[in-house]
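Student: Generate coordinates for the sequence data below:
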Amino acid sequence: MTTSYTPKILVVDDIEENLLTLKGNLRGLDTEIITAYSGKEALLHVLRHDFALIILDVQMPEMNGYETAERIRLGKRNKHVPIIFLTAVYYDQNSVLKGYHSGAVDYLTKPFNRQILLSKVNVFLDLDRIKNELVESKTQFQLIVQDQTDLICRTDQELKISFTNRSMLVTLAKTFENIKDQNILDFITPSDRERIEKVIGELSPSNAVNKIQHRLQVSPVRTLWVSTVIRALYDQAYELTGYQLVMRDVTAEVKTREELILAKDAAEKATQSKSQFLANMSHEIRTPMNSIIGMIEVLYDTNIDDDQREDLDVIKFSANKLLNLLNDILDFSKIEANQIKLEKTWFTLSDELNKIHRLLDVNARERGIDLSLDIRPDVPVRVKGDPLRTSQIIINLLNNALKFTNQGSVKMTAEVENLKQDNVARIKFTISDTGIGMPEIVRTNIFELFNQGDPSIAREYGGTGLGLAISKSLCEMMGGNISFHSEKDKGTTFWFALDYETEKPTVNENSNHRSILVVDDNEINRKVACRLLKNNGYNPDEAENGLVAFEKTKQTNYGVIIMDIQMPVMDGFTSTQEIRHHQKHLPEQLKAKIVALTANSTREDLEKSRKFGMDGFLTKPLKFNELDALLKKWFA
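Tutor: Have a look, this model is predicted:
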């Protein structure tokens, strides 16, 4: 907050009428006027007050203006205050020089012009106000710095301390006199000094700030962890003048992080031990289970009656149920132990989905449920990913949908959610049913292990609560996401999305390279250009901005692209960059030639167009003969 400040002016003249005249002329200014009749009286005032300006008569008895000015400049207070000499006589060049050597900054002659007097005085008052504001701002800044809890210090180029705030002195239990000119590295733990020096060595005018965490040696037996922002300080000529270090005590955070790491390591070891135990148990149980299921199949081929066959059906059903449970436990233990190995192989997605549909459709039909499969046309035929884990997630979700649907339908849909660069498609799988749905209270923790939302569900429908947890974990391991929407008594929809690499599109080398894409946000410009091109035997197409142009180049291999630079949505430079990246795998002879079309024709624009991968440069308005010359050269 700016404090109230009234500047003071000292007027010195040995003639009272002159003092009254000057004081009267200055009365309208927001200042305090102090007068003196002699040089000696003026010196007394200089010792007591801070002045914004001194108006000093040259011709005075005992001590003239020159001597008075020199004495003022020798003192500490007001030594830099501007002095205007007031004289009634004509002064030559030597007198002027003598006045300036004595400390004057300007002259006024008697009788003086009031407007000239006020204009000169106002200039110096404005300078004084600015100086006063700077002093006040500096004081406030120093108070802010001193009150900071962060440790702040400045050094010279050799890292010798030139300033510290109060917090740093308190932390180090030192006075400023004790540490002034001491190297700041003396207070850094020896093992961290090399890292600090490396960070400082990397600073430059274009990269003047860096951050590092290290230890501060506050005493021979005590260190603090601090996060330090180091700034290199430069003058206007970009010459290094020193460094500023702002250190924040993060000892508590570092200690907490270390404790968390220890706790995490302990938890991971416990999880691995538990998972290993479950895996071992699952394998141990799986061996006799395989024998039991094998013997059941053998018994089916023996001479048994209908009752015995019915008993075998019950045993087989229970054995398969137990085997499925063991498989879930084994997958769960592998996920927790981080032992799941994902594979990436090419496979036909529609074949996998149709296999799953055929596998589960038999059970669905027996229960009177319509199980349908909808593969959208935009889904790629062949993709690269993990077919086993993809199928496992889908089967888990479909089994849940069928289990909790007593009547109605279950539908599985596959569609492309979005296309990414480098031939990657994000494919979304949706499984919706008309089953019992879920009440809102159980939806928040449905993906947790061993959780089925409502205990009554486990009693009525069975299950372990592992399927959804395993599906979520597998989905996240493959870089995807999974979610759902459900309404009680209306049904549930689960969906998940995964990224798959798709096959690169093959390019027909005999494609028509007389095809030209005109890209301009002005419809009239596009129509005119297309008409001229068509009349001259070319096959033009058009796009209203850079984004539309980029999307069109994915579908059509144009021979030439006429690219306007300034467009909404996506400009010509960005569009060119995207097209070049998309076509980087094509042979050079099949890549589109791109010509820039701009209203600017500077050398900088030309260089920029080349930098972004453009092959030609034309200015608006478009001259068809210039364009035609380029086209004939490229299509030759």
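Student: mind saving the C-alpha coords of the strand or helix carrying Leu606 as CSV?
Tutor: Element membership for Leu606, per DSSP states H and E: helix 603-611. Extracted in CSV, the C-alpha atoms of helix 603-611 (Å, rounded to 0.1, in the frame of the first residue of the first chain):
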residue,chain,number,x,y,z
ARG,A,603,11.5,-14.7,-47.5
GLU,A,604,10.5,-15.8,-44.0
ASP,A,605,7.2,-17.3,-45.3
LEU,A,606,9.1,-19.1,-48.0
GLU,A,607,11.6,-20.6,-45.6
LYS,A,608,8.8,-21.6,-43.2
SER,A,609,6.9,-23.4,-46.0
ARG,A,610,10.0,-25.4,-46.9
LYS,A,611,10.7,-26.2,-43.2
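Student: Distance from the helix or strand immediately after that helix in the chain to the middle of the chain?
Tutor: Sequence order places strand 616-619 as the next helix or strand after helix 603-611, per DSSP H and E. How far strand 616-619 lies from its chain's middle: 35 Å, per C-alpha atoms, centre = their mean, to the nearest Å.
Student: Could you do stretch 245-253 as well?
Tutor: That offset, for stretch 245-253, works out to 24 Å (C-alpha atoms, centre = their mean).
Student: buried set for that stretch?
Tutor: 245-250 (16 or more other C-beta atoms under 10 Å). For glycine as for every other residue, the C-beta is placed from the backbone atoms N, C-alpha and C.
Student: How about stretch 300-312?
Tutor: Leu312.
Student: For Glu202, give me its contacts.
Tutor: Contact partners of Glu202, counting by C-beta atoms under 8 Å, 6 or more residues apart in numbering, are Asn210.
Student: Which of the three states applies to Val379?
Tutor: coil (DSSP: H, G, I helix; E, B strand; the rest coil).
Student: State the distance from it to Leu533.
Tutor: Val379 sits 36 Å away from Leu533, going by C-beta to C-beta, to the nearest Å.
Student: swap in Thr390?
Tutor: Thr390 is 47 Å from Leu533, by C-beta to C-beta.
Student: give me the number of residues near the closest residue to Glu343 other than its chain neighbours?
Tutor: Take Glu343 and drop its neighbours on the chain: the residue closest to it by C-beta to C-beta, 6 or more residues apart in numbering is Asp386, 5.2 Å away. Using other C-beta atoms under 10 Å, Asp386 has 21 neighbouring residues.
Student: same check, this time on Ala69
Tutor: 24.
Student: what's the answer for the one 4 residues further on, then?
Tutor: The local packing count at Arg73 equals 15, with neighbours defined by other C-beta under 10 Å.
Student: Quick one: mean pLDDT for whichever strand or helix holds it?
Tutor: For Arg73, the host element (DSSP H and E) is helix 65-74. Helix 65-74 shows an average pLDDT of 89 in the prediction.
Student: And the contacts of the helix holding Leu606?
Tutor: Contacts for helix 603-611 (C-beta under 8 Å, 6+ apart): 565, 573, 596, 598, 617.
Student: So which bits of that helix are buried?
Tutor: 605-606, 608-609.
Student: Looking at those residues, which one is closest to Lys472?
Tutor: Lys608 (47.8 Å; C-beta to C-beta).
Student: Can you give me the pLDDT of that closest one?
Tutor: So Lys608 comes in at 85 (pLDDT).
Student: Starting from Leu151, give me the distance back to it.
Tutor: Lys608 is 46 Å from Leu151, by C-beta to C-beta.
Student: Quick check: Leu353 is in a helix.
Tutor: Yes. The assignment for Leu353 is a helix, going by three-state DSSP.
Student: From what I see, it and Ala414 are in contact.
Tutor: Yes. Here Leu353 reaches Ala414: they are 6.2 Å apart, a contact under C-beta atoms under 8 Å.
Student: joint contacts of those two?
Tutor: Ile375.
Student: Looking at the contacts of helix 603-611, spot the one nearest Thr109.
Tutor: Nearest to Thr109 among these is Thr598, at 62.6 Å by C-beta to C-beta.
Student: What residues are bridge-paired with the closest one?
Tutor: Taking DSSP bridges as the rule, Thr598 bridges to Thr619.
Student: Helices of the stretch 301-450 of the chain, residue ranges please.
Tutor: Counting by DSSP state H, counting those that start in this stretch, one finds helices in the stretch 301-450 of the chain at the ranges 306-336, 349-366, 387-403.
Student: among the ones you listed, which is the most enclosed?
Tutor: helix 387-403 (a mean of 20; mean count of other C-beta atoms under 10 Å).
Student: Against which helices or strands is it packed?
Tutor: helix 349-366, strand 369-375, strand 408-420, strand 424-433, helix 467-477, strand 491-502 (3 or more C-beta pairs under 8 Å, 6 or more residues apart in numbering; DSSP states H and E).
Student: Now with 7 Å, please.
Tutor: helix 349-366, strand 408-420, strand 424-433, helix 467-477, strand 491-502 (3 or more C-beta pairs under 7 Å, 6 or more residues apart in numbering; DSSP states H and E).
Student: that older thread, can the contacts of helix 603-611 go into CSV with extra columns for neighbour count?
Tutor: Converted to CSV, the contacts of helix 603-611 look like this (neighbours: other C-beta atoms under 10 Å):
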residue, neighbour count
Ile565, 24
Phe573, 19
Ala596, 25
Thr598, 19
Phe617, 18
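Student: and which of the residues you listed is nearest to Asp50?
Tutor: For the contacts of helix 603-611, the nearest to Asp50 is Phe573 (59.2 Å; C-beta to C-beta).
Student: Checking that closest one next. Helix, strand or coil?
Tutor: helix.
Student: so what's it up against?
Tutor: Residues in contact with Phe573 (C-beta atoms under 7 Å, 6 or more residues apart in numbering) are 565, 608, 612.
Student: Kindly report the same for Ile561.
Tutor: Contacts of Ile561 by C-beta under 7 Å, 6+ apart are 517, 519, 549, 592, 594.
Student: If we use 10 Å, what do you get?
Tutor: 515-519, 541, 543, 549, 552-553, 572, 575-576, 579, 592-596, 614-615 (C-beta atoms under 10 Å, 6 or more residues apart in numbering).
Student: what's the answer for Glu503, then?
Tutor: Taking C-beta under 10 Å, 6+ apart, we find Glu503 in contact with 346, 380-384, 423.
Student: before we move on, back to that, turn the contacts of Phe573 into CSV, columns for distance to Ile144.
Tutor: Output for these, formatted as CSV (distance: C-beta to C-beta, whole Å):
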residue, distance to Ile144
Ile565, 47
Lys608, 44
Phe612, 46
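Student: And those residues, which is closest to Arg166?
Tutor: Lys608 (51.9 Å).
Student: Regarding this protein, what is its longest helix?
Tutor: The helix that spans the most residues within the chain, counting by DSSP state H, is helix 251-300.
Student: pretty sure Leu134 is in a strand, no?
Tutor: No. Under three-state DSSP, Leu134 falls outside any strand and is assigned helix.
Student: how many other residues sit next to it?
Tutor: 10.
Student: Where does pLDDT dip in the stretch 501-636 of the chain?
Tutor: 504-513, 601, 636 (pLDDT under 70).
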